[in-house]
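Trainee: fold the following.
(one chain, ligands or ions: 2)
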Amino acid sequence: MRYLTAGESHGKQLTTIVEGVPAQMPLTTQNINESLLRRQKGHGRGKRMQIEKDLVDIAGGVRHGYTLGSPIAMVVKNDDFKHWEDIMGEDPIESDKKLRRTVTSPRPGHADLNGAIKYGHRDMRNILERSSARETAARVAAGAVAKTLLANLGVKIVGYVNEIAGIVAESKPELEMDERIKQSEESPVRTLDEDAAQKMMNAIDQAKKDGDSIGGVCEVRVEGLPAGLGSYVHYDRKLDAKIAFAVQSINAFKGVEFGIGFEAARRNGSEVHDEIIHSEETGFSRRTNNLGGFEGGMTTGMPVVVKGVMKPIPTLYKPLQSVDIESKEVFNASIERSDSCAVPAAAVVMEHVVAFEIAKEILDQFPHDQFPKLKEAFDQYKEEARCF
Ligand SMILES: Cc1cc2nc3c(=O)[nH]c(=O)nc-3n(C[C@H](O)[C@H](O)[C@H](O)COP(=O)(O)O)c2cc1C
Ligand SMILES: C=C(O[C@@H]1CC(C(=O)O)=C[C@@H](OP(=O)(O)O)[C@H]1O)C(=O)O
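Mentor: Residues are numbered from 1 along each chain as shown. Ligands and ions are numbered 1, 2, ... in the order given. The predicted model follows:
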C-alpha cells in the first residue's frame, strides 16, 4: 500500500490516492470525514480553520460501501480557494499583476528560502503553498483508510497530547484504550489529563496574546498487534524506523521517541529492558513496556507507544527578522493569520501517519488482495503467536 497527495494550501483542492488497499473492505465517506473533522479541532487554531470544513469526496476505488481493490482517490476541497482564485489559478496572468503579488520575503522556520533556492523560484508563494501543513489533511485522508483497515482487524490506535509549552500531562499508563479515545476526543487540547488541559489552554491564550507560538509533544498508542510485525533483517524493513520516518515527516516535527525514549540514556540496562513473562492465556508478553512495543525492529505484542515533538509554529504575530531575496534588505516578517498552537491537531495527524505505516506493514506481511482472506491470515497468525 502506498499513497500520494497533491494540492496547494490555497489552491482548489487536495487530492489523495491510496493504492494497494485490499478489495472487499468496508469503507465509507463517514470513516474519512470523522478523521478530517478531528484534525480541524483543538484550542489554538487560527482563522483558517473557521473557513474550512473538511469533507471528503471519494472519487474512485469504492462502491456501495466496499473497496474494489483499485486505487482509492479522495478529494478535499479548499473552501478558502474562492478568496485566492486570481492568485492561485492555473492559467497564465499578466506579468504586472504577477509582480505585485510576488512573495519575496522568506519566513524564518518555513521552507520558503531553502525551497526557493532549490527550485529557482523568485516568488516564494510557489514554495509556501505546498510546504504548508494544509497537506496534512490529505495525509489524514490516507491514514483514515488505514485506520479503517486496522479497526476491521481489531487493532486500536489513538493520538493525544502529552505536553504543551512545558506543561506535562499525567501519563495514566493503566487507562484502557476506549477511555483514552473518549477522553482525548472530549478534551479541547486532546489530552488525557483534565487539570493539565486547563493550564495548556491558558498557555496557548497567553502565547496568542503575546503574539508568540508554542509547541509540544504528541503520543500515539496502538493496541492489538501481534509480536513479529516488521523485521530485523535489513535497515529498511524495521517497522520502528518506518514509523519514525513517518512521524518526523509531519510539518514542524523535530524528534521521535519510542517508550521511554531519550530517558533510556539516563538509566541502567536493568531499568530499561522489559522482562519476558508467559501465561497460558495470553502467551508471551513483557512485565513492563519501556521500549514502547519494539525490539529488533519488530513489534513485541505490547502496545506500541511513540512520541513526537512539535516545534512552536514558525509564523508569529510578533515579527521575526528576515532578509528580502530581491532587495537584500532586512525586514520583520509579519503576518495576517496563523495558528498559535497546532499540537492537538498534530496529534491526529500523527495518529494517522502511524496507522498508515502499521497497516502497510500488515499488508506486506499477509496475503492482501481480498480483505476477508487478510483477516483470516492475520487472526491465524495472532493465534499462532499466542500459542508459541
Ligand atoms: C496541523 C499543523 C498546523 C500548522 N499550522 C501552522 C500555521 O498556522 N502557521 C505556521 O507558520 N506553521 C504551521 N504549521 C507548521 C509549518 O507547516 C511548518 O513548520 C513548516 O512547513 C516548516 O516545516 P518544518 O517545521 O517541518 O521544517 C503547522 C503544522 C501542523 C502539523
Ligand atoms: C490550512 C491548514 O493549516 C494551515 C497550515 C499553515 C502552515 O503554514 O503550515 C498555515 C495556516 O494557513 P493559512 O496561511 O492559510 O492561514 C494554517 O491554517 C490546515 O491545517 O488545514
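Trainee: what's downstream of the helix or strand containing residue 347, the next helix or strand?
Mentor: Here residue 347, judged by DSSP states H and E, is contained in helix 343-365. Going down the chain from helix 343-365, the next helix or strand is helix 371-386, by DSSP H and E.
Trainee: just checking, what packs against that following helix?
Mentor: Using 3 or more Cβ pairs under 8 Å, 6 or more residues apart in numbering; DSSP states H and E, the elements in contact with helix 371-386 are helix 135-152, helix 343-365. (C-beta placed from N, C-alpha, C; glycine too.)
Trainee: how does it look with 7 Å?
Mentor: Contact analysis of helix 371-386 by 3 or more Cβ pairs under 7 Å, 6 or more residues apart in numbering; DSSP states H and E lists no helix or strand as a packing neighbour.
Trainee: pLDDT of it, averaged?
Mentor: Across helix 371-386, pLDDT averages out at 98.
Trainee: ok so, going back, okay, buried residues for the helix holding residue 347 please.
Mentor: For helix 343-365, burial by neighbour count (16 or more other Cβ atoms under 10 Å) applies to 343-363, 365.
Trainee: just stretch 61-81 next, same as before
Mentor: By neighbour count with 16+ other Cβ under 10 Å, stretch 61-81 contains the buried residues 61-62, 67-69, 71-78, 80-81.
Trainee: for that stretch, the distance to its chain's centre please.
Mentor: 19 Å (Cα atoms, centre = their mean, to the nearest Å).
Trainee: stretch 319-326: which residues count as buried?
Mentor: Neighbour-count burial for stretch 319-326 flags 322, 325 (criterion: 16+ other Cβ under 10 Å).
Trainee: ligand 1 next: which of the buried residues of helix 343-365 are close?
Mentor: Restricting these to those adjacent to ligand 1 (criterion: Cβ under 6 Å from any ligand atom) gives 345-346, 349.
Trainee: what is the nearest of those to residue 44?
Mentor: Checking those against residue 44 with Cβ to Cβ, the nearest one is residue 345 at 8.4 Å.
Trainee: could you tell me which residues of the stretch 251-388 of the chain lie near ligand 1?
Mentor: Taking Cβ under 6 Å from any ligand atom as the test, the list of the stretch 251-388 of the chain residues beside ligand 1 reads 251-252, 311, 313-315, 338-339, 342, 345-346, 349.
Trainee: for the stretch 51-200 of the chain, same thing?
Mentor: 109-111, 131-133, 136.
Trainee: adding distance to residue 143 and pLDDT, write these out as a markdown table.
Mentor: Below are these laid out as a markdown table (distance: Cβ to Cβ, whole Å; pLDDT from 0 to 100):
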| residue | distance to residue 143 | pLDDT |
| --- | --- | --- |
| 109 | 25 | 96 |
| 110 | 24 | 96 |
| 111 | 22 | 98 |
| 131 | 20 | 98 |
| 132 | 18 | 97 |
| 133 | 14 | 98 |
| 136 | 10 | 98 |
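Trainee: so which of those wins on neighbours?
Mentor: Compared across these, residue 136 has the highest neighbour count, 24 neighbours, by other Cβ atoms under 10 Å.
Trainee: what strand or helix carries residue 196?
Mentor: Residue 196 belongs to helix 194-209, assigned by DSSP H and E.
Trainee: again, but for residue 59
Mentor: Short version, using DSSP H and E: residue 59 is in strand 56-60.
Trainee: which of the residues in that strand are buried?
Mentor: Neighbour counts using 16+ other Cβ under 10 Å place 56, 58 of strand 56-60 among the buried residues.
Trainee: from the buried residues of stretch 61-81, which single one is nearest ligand 2?
Mentor: Nearest to ligand 2, judged by Cβ to the nearest ligand atom, of these is residue 80 at 6.3 Å.
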